[in-house]
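Coordinates for the following, if possible.
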Amino acid sequence: MLNTTKTFKQRRIRAHIISVHWEHKGEHNMALPENRTCCVEEHGYDRILNMKKSLHFVSTWLKTVFEEPKHGNQAGTITALDGVRACAILFVIAFHIDWTNTNYEKLWNWQSNPLATSVAIAGGTGVTLFFVLSGFLLFLPYAKALLFARRWPLARSFYIRRALRIMPGYYLSLVLLIFLSAPQYLQPDNLPNLGLFLTFLMDSAKETFRGPIDGPYWTLAIEWQFYMILPLLTLGILLLVRRVRLERRLRAVTLCLFGIIAGGLLVRFWGLYFLNNPSATFLVPRPVTNVLLFFTFGQTGKYTEDFSVGMLGALIYVYAQSLPPEHVFVQTLRKLSLWLWGTGLLILTFSAIWHLQANPPTPAWPFLNPLMPYFSWLSEILLAAGYGMCIIAILFGPRELQRPFTWAPLRWIGLISYSLYIWHLPLIVLFQTRVLPLLPAMNFYLSYALYWVWAACVIVPFCVLCYAFVERPGMRLGDCWRKAIESRYQARHQAKELIVTDHKEAVAVPALAKDEALRT
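Below is the predicted model:
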């Protein structure tokens, strides 16, 4: 009661000061009675208080949503990878906005500004960055087990967490988009194609690759298939290096990863050859070849070399984290970090130019024509190498290089990047087809800016809600199941060790008694 009375007195004093102020100015001294001035002031003050409360609630909720626990050394530099992931999704969004109605051709004349055009439409390479990051992050526990003979990660736990991470958001968007924009997939003739979407094989058929439901879906198929084979790949590496001494494991695992990269390039080369030559075959009939291509290549390859570059980066990172800061290996990485950063940016710039030259309507760099026959199977590994160098540079570089990627708003964008990746293109198309025509005619640059306003004010908030109410519950459930599986495994392992110990003791006691009897 005292607080309420005090607050009311403060409002009355504030209202009295305002009325005296207007009286001193000679304005509204008769137009606003004191009680009306009081009511107006109290109403405005209440609105400000409510606005402050709302903003405080939203900011507190966002901090709760984006709050992530840190583990050990990852609390420092690994957080920068959230910012890197944000850059990847921003690249992809920029790419789709620039390609909408060929906006990049209207922003400037590509013939007079080929470098700017190359960078503007190279945002699609953000997909490659996603693949490199996935290889890096998912290989970390396997790298520790391979290098230091630690406990092997449980495949069942890995598969459950990956399924609960990717499936809830994907299947929800698939159902909504089919009902809202692609109902033809519910027709009997399209049920086989719908089955490809349901089983994450939509990258393998022309009808579903970058199909009408959602163009970016094909990369989710690539990610899912990588999840399926990663435990098998790492198990194969373990079988090859298990007899190698621990001090030589780094070299052995590195050679295995280079072998996987070479295998990925070989699959891409032969896959493109057979895809471009429908009658060609090798050792088996062409129908069998087509089945093999369906599962091992798809339409543009499985991008194994991209994931392997990220795995190689994870191997370097894990090994360096196990060494003292003054070790020559760590010091060399820190000294070379800025060189790696610059080299990576140069490689990415060259790749952007190469991609523009591969686009038939815009042959802006004729000096690259001799390299064009190699573009289809070498461009991805070049991009992956550039992004891999930049990631290593960020992880081992100075704080000035890491700081932009650890900026909280950028990291938050990285945390919702999965929802952004799924939903940004349908919502951009919605703006282009349903919202923009309702607006009055305007300058092209203003309409282009409105795409980004739409992305910031509609797409990002929508994806925050998707992350909070769809993704996070799945992630929490995956963590709970992982802990339960690992606790059961540890209990079973401890029970086995106890049985072995008891057995050894039971064998040892009669042996000691026999020795004692012989002595006597």
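
how long is stretch 428-446 from one end to the other?
From its first residue to its last, stretch 428-446 covers 16 Å (C-alpha to C-alpha, to the nearest Å).

for W99, what are its contacts?
The contact partners of W99, by C-beta atoms under 8 Å, 6 or more residues apart in numbering, come to I121. (Glycine included, C-beta is placed from N, CA and C.)

cutoff 10 Å now
Taking C-beta atoms under 10 Å, 6 or more residues apart in numbering as the contact definition, W99 lies against 105, 120-121, 123-124, 428.

now G386
Per C-beta under 10 Å, 6+ apart, neighbours of G386: 125, 128-129, 132, 309, 343-352.

ok, it to A252 distance?
Computed with C-beta to C-beta, to the nearest Å, the distance linking G386 and A252 is 26 Å.

I229 now?
Distance from I229 to A252, counting by C-beta to C-beta: 20 Å.

how about JSON lines for the contacts of W99, with pLDDT and distance to G397 added?
Putting these into JSON lines (pLDDT from 0 to 100; distance: C-beta to C-beta, whole Å) gives the following:
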{"residue": "E105", "pLDDT": "66", "distance to G397": "37"}
{"residue": "A120", "pLDDT": "77", "distance to G397": "27"}
{"residue": "I121", "pLDDT": "79", "distance to G397": "28"}
{"residue": "G123", "pLDDT": "80", "distance to G397": "24"}
{"residue": "G124", "pLDDT": "83", "distance to G397": "26"}
{"residue": "I428", "pLDDT": "94", "distance to G397": "34"}
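
closest to S157 among those residues?
G124 (33.5 Å; C-beta to C-beta).

Surely the closest one is in contact with A94?
Yes - taking contacts as C-beta atoms under 10 Å, G124 lies within contact range of A94: 9.5 Å.

who has more neighbours, those two?
Between G124 and A94, A94 has the larger neighbour count (other C-beta atoms under 10 Å), namely 21 against 16.

returning to what we had before: mind checking which of I229 and A252 has more residues around it?
Neighbour totals were compared for I229 and A252, and A252 leads with 17 against 13 (other C-beta under 10 Å).

List the residues that contact that one.
A252 touches 146-147, 237, 240-245, counting by C-beta under 10 Å, 6+ apart.

looking at it, V65 is touching C463, isn't it?
No - the pair V65 / C463 is not scored as a contact, 11.5 Å apart, by C-beta under 10 Å.

Overlap in contacts, the two.
I416.

So between those two, which is more surrounded?
C463 (26 against 17).

tell me which strands and helices whichever strand or helix holds that one is in contact with?
Secondary structure assignment for C463, by DSSP states H and E: helix 460-466. Contact here means 3 or more C-beta pairs under 10 Å, 6 or more residues apart in numbering; DSSP states H and E; on that basis helix 460-466 packs against helix 34-65, helix 155-181, helix 408-415, helix 417-430.

buried sites along that helix?
460, 462-464, 466 (16 or more other C-beta atoms under 10 Å).

how about the helices in the stretch 201-350 of the chain?
Applying DSSP state H, counting those that start in this stretch to the stretch 201-350 of the chain gives helices spanning 217-241, 249-276, 286-296, 304-321, 328-357.

Could you give the average pLDDT over the fourth one?
Per-residue pLDDT values across helix 304-321 average out to 96.

residue contacts, the nearest residue to I260 once chain neighbours are set aside?
Of all residues not flanking I260 in the chain, S308 sits nearest, at 4.6 Å (C-beta to C-beta, 6 or more residues apart in numbering). Residues near S308 by C-beta under 10 Å, 6+ apart: 131-132, 135, 139, 233, 256-265, 381, 384, 388.

for stretch 131-151, what is the average pLDDT?
94.

Determine how far stretch 387-398 lies from the middle of the whole chain.
On the basis of C-alpha atoms, centre = their mean, to the nearest Å, stretch 387-398 sits 17 Å off its chain's mean C-alpha point.

Please apply the same query to stretch 465-480.
Computed by C-alpha atoms, centre = their mean, the chain-centroid distance of stretch 465-480 equals 15 Å.

do stretch 81-97 as well
For stretch 81-97, the distance to the chain centre is 9 Å (C-alpha atoms, centre = their mean).

Pull out the buried positions in that stretch.
By 16+ other C-beta under 10 Å, the buried positions in stretch 81-97 come out as 81-97.

what do you get for stretch 111-122?
In stretch 111-122, counting by 16+ other C-beta under 10 Å, buried: 114, 117-122.

so how far does that stretch reach from one end to the other?
In stretch 111-122, first residue to last residue: 16 Å (C-alpha to C-alpha).

Contacts for that stretch next, please.
Here stretch 111-122 makes contact (C-beta under 10 Å, 6+ apart) with 91, 94-95, 97-99, 102-105, 107-110, 348-357, 359, 362-365, 383.

again with stretch 232-248
138-139, 141-143, 145-149, 152-153, 155, 158, 226, 229, 249-253, 255-257, 259-260, 304, 307-308, 311.

Now list the buried members of those.
Buried residues within the contacts of stretch 232-248, counting neighbours by 16+ other C-beta under 10 Å: 138-139, 141-143, 145-147, 153, 158, 226, 249-250, 252-253, 256-257, 260, 304, 307-308, 311.

distance of F179 from G83?
Remark: distance between F179 and G83 (C-beta to C-beta) = 35 Å.

Likewise for Q357?
Distance of Q357 to G83, given as C-beta to C-beta: 30 Å.

okay, and for the chain, where does confidence drop off?
Applying pLDDT under 70 to the chain flags the ranges 1-46, 56-59, 61, 67-77, 101-106, 110, 360-362, 497, 500-520.

again, only this time at 80
Applying pLDDT under 80 to the chain flags residues 1-77, 99-113, 116-117, 120-121, 211, 359-364, 490, 492-520.

For F295, give its distance to L265.
When F295 is compared with L265 (using C-beta to C-beta), they lie 18 Å apart.

before we move on, back to that, with distance to W407 added, can I get the buried residues of helix 460-466 in JSON lines?
Below are the buried residues of helix 460-466 laid out as JSON lines (distance: C-beta to C-beta, whole Å):
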{"residue": "V460", "distance to W407": "16"}
{"residue": "F462", "distance to W407": "22"}
{"residue": "C463", "distance to W407": "19"}
{"residue": "V464", "distance to W407": "17"}
{"residue": "C466", "distance to W407": "22"}
